[in-house]
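Enquirer: Got a predicted structure here, sequence first:
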Amino acid sequence: MNLYLAATYIRDARYGRNGQFETDDNSVRLYNLYNHWLPKGVAYFFILLLLALAIFEKPAVPGLKIEYYVTMPMEVICLIVIGSRLFHLRRFSPGKTFYSDKKNLVVMATMVVVVIDMISYIALVNSGQAMYAYRWSRPLRALLLVNITEGRQIRRAFRNIRRTLPDILNVLVLFFLSIALFALMALKIFERRPELRLYTDDSPYFKHYGDIYFQLYVLVTTANSPDIMMPAFDSNKWFSLFFIVYLVVCLYLFMSIILAVIYKNYRKHLKNEIKKSVFIKRFKLLRAFDELKEQVEGKSVVTEKTWNAVMKEVLPNRTLVYYNLLWMVLDKDVNGYIDRKMFLQVADLLNVEVSEVRNQKHLIEKYYPHIYNSSVSIAVRQVVMHKFFRYFFDLAIVVNAFFIGFNLDEAEWFFLSVFTCEIILKLYTYGFREFCRRFWNIFDFIVISAAFIATVIEAALEELQYSRETLDVLLVLRILRLLKLVGSIDRFKIIIGTLTNIAPSMFTYGGVLFVFYYVFAIIGMEVWGTMLSGDPNVSFCNNSNLNGSEFARDHYCNNNFSDILTAFVLLFELMVVNQWHVLTSGFVAITSAWARLYFVAFHLLVVIVVLNIFLAFILEAFMLESSLSAGKFSNAVEEKIKEMGLWVSKKPLQEQLPVEHVQIEAPQSVLVDNIEIHPSPTPPPAENETAEAADVVPEMKERRPRADTGLRFRIARRGTRKTEILLQRMFESELLHEEGQEMPTTENEIEEMEPEEIRPTPLTLDNVT
């Protein structure tokens, strides 16, 4: 029995890792070290440092320019750290697995290309050919962020985008052919009307086919509507029919179809990826079970003693009581062992976030018990815990917002005093530790403390500028607490729950957008970096080609690629779409019409593909939140906590009864096959029915603590914090095996599975219910 190896498999299953490693002790230690947070954090730091070098490299952010002979050694250090990470991976990877992994090959190839680029750049600069020296490999740096082991979620998103693109290619071809057809029609309709001119720059109206095609593509984004139509509309109102028909076909019809195709196919590929990860999770747990199993009554099982031993390896910082809690959820028949079927639930059970709370006396109660336990103190604490206490101060926040909005500064001290009293009363009632468990309490404490300090400073130093403005900002921030009220309204709970659930995934899609931004920003900097200036003292953005252009007339000179931060702002403006054709026109004017390809490519990839995929993800998360309640394991763990008398109620922890005095409540739900929860009509027992209640759950008599250790448990918020868990919940009803479909037997077989081989169960009403 190898507890260390089994614990490694369980951790892999819990965190969704699919790493492969040799099973000897040294390789397993190297594998666990590789997945430790410290080396992972170091790898992330140096990759981000490598990406951040673009801030200091030419063209650099003003005032931050560093010469290449300083940035390149830093770049070499980053590459050495990334290379050492690869070497570490190679040490424990089995056989040819390392060299057959595409992400490892991409990282190594990128590093080689970057080194070649650095050598060629130094050679050109030192040979007097600096004007031809370009760092053409810099866009490839983003590949390192995608292909490192820790970038699993970003890599999965890109892989699914790549698989989705061929599916939407047919629709995009028809879409562009439709624009081509309408562009040809527009050319024939308007080319013989020389009196028509564009109002924006007085240029000829629809005279060149390429310009017409681009203008009609922009019209699909509505950025130039109705400007592009107005010259024709003013000439003859019947011309509006052409634009109406065009928008109905290309905007409302084709864009809707493109969204539907992206949603359908991306969801299909994402589901296949999740099914593959579920196979890997089960495979890891099976490997762990094989390491831990014992023969009891002719069956292969894991005993409670083995469970506690392996949990000490998996969760070394948790208590034995917590291990027993998890065991009781799995060992529903109280056999003292669990079989392979129940062991396959371990990863899902471990992902239920349960926090341990120690019962500690309030500081005032510890030193002044006669004061804290007096009748007056108890009455004050009861008032603070009452719901109307919160309602009163929420109303005070609304009134305070009214006074701030109408600049009634005379009441500032009054509201500051009221809110300060609220914080003091909460600290007195709940204690500092319990007070800090709620985000809004910490938020209020910081804002009110800062506002109090700012007000005192303002009163002491009247000549201090901006102090009143600072105070107003701090008081306005407190109004954000009203957002908590929104979450308590039933009709808003689904929306708030969706926002909570997708918050971790925002980092994944934010990473995808960052990669696109970085690549396009570096390319834009290399092409247009020094051609425009945002200096307001120069004319036409320091480029005479913009004389009389709409770009210069609208003061868009700061929308340029002079440095990476400015480039990111410009790309965000392009993603918003409004006026993106005007931004494009400026760069077309200083180079050529071929510059449009850059901006159209960015619009296609980011706006049409990535943002629509993000929209599809939000739709899935919203439907999940509206149709599913808490997970079955969350319910099961919560019931067991209550049965043990170790739950944290809404009362302050120090006011709860010790364990030996807590009566066992009849469970509101019982555990059946697969730990499904079914409500029970059995009412809670009365005080004189304690013994009967104990008979309802007889196993609790032996497993409850004999003495109060002061330990309590609480289930974390319902929101799903891990992206992997959220995605699995999305497709939970569709990840069931079809009849006759067998699970792959090795990790290599799982990795080599084609999407069509991962046959998901059809999404029907019967399967869902």
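Expert: On my side now, so go ahead.
Enquirer: Would you map the strands across the stretch 251-400 of the chain?
Expert: 294-296, 299-303, 337-338, 354-358 (DSSP state E, counting those that start in this stretch).
Enquirer: Quick one: low-confidence residue ranges for the stretch 451-600 of the chain.
Expert: In the predicted model, the stretch 451-600 of the chain carries pLDDT under 70 at residues 454-455, 457-490, 493-494, 497-498, 501.
Enquirer: which phi and psi does Thr530 have?
Expert: With angles defined as degrees, to the nearest 10, Thr530 sits at phi -110, psi 10.
Enquirer: got it, and the one 5 residues further on?
Expert: Main-chain torsions, Asp535, degrees, to the nearest 10: phi -70, psi 120.
Enquirer: Find the nearest non-adjacent residue to it, please.
Expert: Once flanking residues are discounted, Asp535 sits nearest to Asn542: 6.8 Å by C-beta to C-beta, 6 or more residues apart in numbering. In short, each C-beta sits where N, CA and C put it, glycine included.
Enquirer: what about the one you found, neighbour count?
Expert: 16 (other C-beta atoms under 10 Å).
Enquirer: I'd guessed it sits against Thr530; true?
Expert: No - between Asn542 and Thr530 there is no contact under C-beta atoms under 8 Å: 9.4 Å.
Enquirer: which residues sit against stretch 304-318?
Expert: 1, 3-4, 6-7, 10-11, 14, 288, 292, 294, 320, 322-324, 326-327, 331, 336-338, 350, 356 (C-beta atoms under 8 Å, 6 or more residues apart in numbering).
Enquirer: Now do the residue nearest to Asp535 against Glu297, distance only.
Expert: From Asn542 across to Glu297, the span is 86 Å (C-beta to C-beta, to the nearest Å).
Enquirer: repeat for Leu143
Expert: Distance from Leu143 to Glu297, by C-beta to C-beta: 55 Å.
Enquirer: mind listing what the residue nearest to Asp535 touches?
Expert: Counting by C-beta under 8 Å, 6+ apart, Asn542 touches Leu532, Ser533, Asp535, Cys557.
Enquirer: quick one: which of those residues is most hemmed in?
Expert: Neighbour max across the contacts of Asn542 (other C-beta under 10 Å) = Leu532, 26 neighbours.
Enquirer: how about that residue, secondary structure?
Expert: Assigned by DSSP: H, G, I helix; E, B strand; the rest coil, the conformation of Leu532 is coil.
Enquirer: That one against Phe540, yeah?
Expert: No - Leu532 lies out of contact with Phe540 (C-beta under 8 Å); the separation is 9.5 Å.
Enquirer: which ones among the contacts of stretch 304-318 are found in helices?
Expert: 3-4, 6-7, 10-11, 14, 288, 292, 320, 322-324, 326-327, 350 (DSSP state H).
Enquirer: ranges for the helices of the stretch 451-600 of the chain?
Expert: Using DSSP state H, counting those that start in this stretch, the helices of the stretch 451-600 of the chain run over residues 467-479, 482-487, 490-528, 550-553, 564-576, 580-590, 596-602.
Enquirer: Oops, could you answer that again for the stretch 201-350 of the chain instead?
Expert: Counting by DSSP H, counting those that start in this stretch, the helices of the stretch 201-350 of the chain are 209-220, 230-235, 240-246, 255-292, 304-314, 320-330, 340-343, 346-350.
Enquirer: Return the most buried member of those helices.
Expert: helix 346-350 (a mean of 21; mean count of other C-beta atoms under 10 Å).
Enquirer: Who are the packing partners of it?
Expert: Counting contacts by 3 or more C-beta pairs under 8 Å, 6 or more residues apart in numbering; DSSP states H and E, helix 346-350 is packed against helix 3-15, helix 255-292, helix 320-330, helix 632-644.
Enquirer: by contact count, what packs against the particular helix or strand that has Phe622 in it?
Expert: Per DSSP states H and E: Phe622 is located in helix 611-627. Counting contacts by 3+ C-beta pairs under 8 Å, 6+ apart, helix 611-627 packs against helix 152-190, helix 255-292, helix 490-528, helix 723-730.
Enquirer: could you dump those to TSV with distance to Pro204?
Expert: TSV is the format used below for these (distance: least, C-beta to C-beta, whole Å):
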stretch	distance to Pro204
helix 152-190	10
helix 255-292	29
helix 490-528	26
helix 723-730	52
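Enquirer: Among those, which comes closest to Asn400?
Expert: helix 490-528 (22.7 Å; C-beta to C-beta).
Enquirer: Could you figure out how far that closest one is turned away from helix 564-576?
Expert: 120 degrees (axes from the mean of the first three to the mean of the last three C-alpha atoms, to 10 degrees).
Enquirer: quick one, helix 490-528 and helix 152-190 angle?
Expert: Relative orientation of helix 490-528 and helix 152-190, computed by the same axes, to 10 degrees: 70 degrees.
Enquirer: before we move on, back to that, among the helices and strands packed on helix 346-350, which comes closest to Gly128?
Expert: Counting by C-beta to C-beta, Gly128 lies closest to helix 255-292 out of these; the figure is 50.8 Å.
Enquirer: follow-up on the earlier one: and the two most separated of the ones in helices among the contacts of stretch 304-318?
Expert: It's Tyr4 and Asn324 that sit farthest apart of these, by C-beta to C-beta, at 22.0 Å.
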